[in-house]
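Enquirer: One predicted model, sequence on top.
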2 protein chains.
Amino acid sequence: MPKLGMEPIRRAALIDATIAEIGAAGTLDVTVSRIARRAGVSSALAHHYFGGKDDILLAAMRHVLRDYGREVTRRLGRQTAPWARLEAIVEGSFAPSNFRSDVVSAWLNFYVLALSSPEAARLHRVYAGRLRSNLLSALRPLAGDRALALAERAAFLIDGAYLNQGLAPGAPDGEAAARHVLQALGAELSGS
Amino acid sequence: MPKLGMEPIRRAALIDATIAEIGAAGTLDVTVSRIARRAGVSSALAHHYFGGKDDILLAAMRHVLRDYGREVTRRLGRQTAPWARLEAIVEGSFAPSNFRSDVVSAWLNFYVLALSSPEAARLHRVYAGRLRSNLLSALRPLAGDRALALAERAAFLIDGAYLNQGLAPGAPDGEAAARHVLQALGAELSGS
DNA sequence: CTGTTTATTGATTGACGAGTCAATTAAAGA
DNA sequence: TCTTTAATTGACTCGTCAATCAATAAACAG
């Protein structure tokens, strides 16, 4: 019973299913059939709309990255003071929608995918570049020429927190992670 | 032409080949055949000594973790002053033998493997626990009751540096990473 | 109505890869 | 010398899975 205009709905459902499936399995070794089943369609349809498994994976990665960027950008839009902008970046990074355990699990898998897939590597570079650029512009007024090094450390802290929260047993706690990172940055800034 | 006592030699060669293969491919999706070929034996022999692919992977993970631990422990043995012990931990973490690009690539893959393999998760917990315990004992005299939070941040920084160096283009620079982490910790400690 | 386009799937193909096994060679021991 | 044991492999089996395709059904255009 084909209704028209299904494409965007199916795509979205398949992408959500992909993230959920990867999150549940903890690996990219998920079959197209399982993803499709979770989305309520046949595996043939997944191929029809995406072309191949790689394309599905990359679409899911783009989706995660876009959600992440949206969350940060939204918070950043309202702030002008440097420290407030820093808070916006960090808190956006650990916002509940990004920091759900299946999303973090998928995130880690996409991170590692960048080691073997050029397109995934490109997406990762875009993310990493934007994060550093955001951090740098917020830190410049606060830290002057130490801003570059501080931005790098902040990026390390954020990624490290993701990695550890992703592997820690129990539900991840974004608030605690954000507090950690901000406290570390605050301490480094005050001790100038 | 079977010589006796080949087992340890073959095991070692297969483990090295596994790390090299994973490092080169950037994924755990490497075939037993390729690993065996690199080690100069047949795939049947790999199964003979290890049992299955999972066992090979876990053996390689243990090997990486053991090398890491050795490097840290060796440096730690000579030091008694708190800050020197901290340096030992951090510098050991980024020692050239641990921080070769194929090893880091394998490391990241093993990290993610812990999301789906209980045994890999156990190994990771052991590593994470020991790292924190080492950091904590070095930081306690320097930071008192802030030591716990600081140890956590240091762990985030180290893992974050691994993650970023692993994905950065070009050869990883362990010295720079170590300096980064130590400088961050020093700044936090001085601004008490 | 009729033909075209969109949505959808069941069935099939083809490849690839983990794990098994029987057979071979040579060293060690009796 | 005979036999037991370790080392080693080529060939084979069995599943699984990505990808394809032909077929069906509904909406829509003219």
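Expert: Yep, that arrived.
Enquirer: would you list every one of the helices in chain A?
Expert: All helices of chain A, identified by DSSP state H, fall at A:7-25, A:32-39, A:43-50, A:53-77, A:82-93, A:101-113, A:118-143, A:147-167, A:174-190.
Enquirer: Now do the buried residues in the longest one.
Expert: Yep, that's helix A:118-143 we're talking about. By neighbour count on 16 or more other CB atoms under 10 Å in any protein chain shown, the buried set for helix A:118-143 is A:120-121, A:123-124, A:127-128, A:131, A:134-140, A:142-143. Backbone N, C-alpha and C define where each C-beta goes, glycine included.
Enquirer: Show me which residues of chain A sit near chain B.
Expert: Residues of chain A found near chain B (CB under 8 Å from any CB of the partner chain) are A:25-27, A:29, A:105, A:108-109, A:111-116, A:121, A:124, A:128, A:149, A:152-153, A:155-161, A:163-164, A:166-167, A:180-181, A:183-184, A:187-188, A:190-191.
Enquirer: Look up how far A:Glu21 lies from A:Glu175.
Expert: From A:Glu175 over to A:Glu21 the distance is 27 Å, taken as CB to CB, to the nearest Å.
Enquirer: more crowded one of the two?
Expert: A direct count of neighbours by other CB atoms under 10 Å in any protein chain shown for A:Glu175 and A:Glu21 places A:Glu21 higher, at 23 against 12.
Enquirer: ok, that one - contacts?
Expert: A:30, A:34-35, A:38 (CB atoms under 8 Å, 6 or more residues apart in numbering or on different chains).
Enquirer: Give me the buried subset of these.
Expert: A:30, A:35, A:38.
Enquirer: Just give me the closest of these to A:Ala46.
Expert: A:Ile35 (6.3 Å; CB to CB).
Enquirer: pretty sure that closest one is touching A:Ile19, no?
Expert: No: taking contacts as CB atoms under 8 Å, A:Ile35 lies outside contact range of A:Ile19: 9.6 Å.
Enquirer: separation between the residue in chain A that chain B sits nearest to and B:Gly186?
Expert: Nearest residue of chain A to chain B (CB to the nearest CB) works out as A:Gly191 at 2.3 Å. A:Gly191 sits 9 Å away from B:Gly186, going by CB to CB.
Enquirer: pLDDT weak spots in chain A?
Expert: A:1-2, A:192 (pLDDT under 70).
Enquirer: For the closest residue to A:Arg78 other than its chain neighbours, list the residues it contacts.
Expert: Spatial nearest neighbour of A:Arg78, chain neighbours left out: A:Ala88 (7.6 Å); criterion: CB to CB, 6 or more residues apart in numbering or on different chains. By CB under 8 Å, 6+ apart, the contact set of A:Ala88 is A:72, A:75-76, A:78-79.
Enquirer: where's A:Ala88 relative to B:Gly160, distance?
Expert: 20 Å.
Enquirer: Any residues of chain A in contact with DNA strand C? List them.
Expert: For chain A, the contact set with DNA strand C under CB under 7 Å from any atom of the strand comprises A:2-7, A:10, A:41-45, A:48.
Enquirer: got the contact list for A:Ala25?
Expert: B:Ser116 are the contacts of A:Ala25 under CB under 8 Å, 6+ apart.
Enquirer: do you know how far it is from A:Asp102?
Expert: 10 Å.
Enquirer: picking up where we left off before, for DNA strand C, state which of the buried residues of helix A:118-143 is nearest.
Expert: A:Ala120 (19.4 Å; CB to the nearest atom of the strand).
Enquirer: My understanding was that that closest one contacts A:Ala114; is that so?
Expert: Yes: using CB under 8 Å, A:Ala120 is in contact with A:Ala114, at 4.4 Å.
Enquirer: For A:Ala81, what are phi and psi?
Expert: phi -70, psi 140 (degrees, to the nearest 10).
Enquirer: Could you rank the contacts of A:Ala88 by neighbour count and give me the top one?
Expert: A:Val72 (21 neighbours).
Enquirer: Could you check how far it is from DNA strand D?
Expert: 32 Å (CB to the nearest atom of the strand, to the nearest Å).
Enquirer: From A:Ala176, how far off is A:Arg37?
Expert: Counting by CB to CB - A:Arg37 and A:Ala176 are separated by 36 Å.
Enquirer: next one: A:Phe156
Expert: Remark: distance between A:Phe156 and A:Ala176 (CB to CB) = 18 Å.
Enquirer: what sits up against stretch A:108-127?
Expert: Here stretch A:108-127 makes contact (CB under 8 Å, 6+ apart) with A:22, A:26-28, A:54, A:57-58, A:60-62, A:64-65, A:68-69, A:162-163, A:166, B:25-27, B:105, B:108-109, B:111-112, B:115, B:163, B:166-167.
Enquirer: tell me, which of those make contact with DNA strand D?
Expert: Residues of the contacts of stretch A:108-127 in contact with DNA strand D (CB under 7 Å from any atom of the strand): A:Asp54.
Enquirer: I'd like to know which of the contacts of stretch A:108-127 are buried.
Expert: By 16+ other CB under 10 Å, the contacts of stretch A:108-127 give A:22, A:26-28, A:57-58, A:60-62, A:64-65, A:68-69, A:162-163, A:166, B:25-27, B:105, B:108-109, B:111-112, B:115, B:163, B:166-167 as buried.
Enquirer: Contact partners for A:Gly174?
Expert: Neighbours of A:Gly174 in contact, by CB under 8 Å, 6+ apart: A:94-96, A:98-99, A:165.
Enquirer: which one of the residues you listed is nearest DNA strand D?
Expert: A:Asn98 (26.2 Å).
Enquirer: okay, now the residue nearest to A:Ala46 when sequence neighbours are not counted: neighbour count?
Expert: Distances taken as CB to CB, 6+ apart place A:Ala36 nearest to A:Ala46, at 4.5 Å, with adjacent residues excluded. Using other CB under 10 Å, the number of residues around A:Ala36 comes to 23.
Enquirer: residues touching the closest residue to A:Asn109 other than its chain neighbours, list them.
Expert: Closest residue to A:Asn109 apart from its sequence neighbours, by CB to CB, 6+ apart: A:Leu28 at 5.1 Å. Going by CB under 8 Å, 6+ apart, A:Leu28 touches A:22, A:57, A:109, A:113.
Enquirer: All good on my end, thank you.
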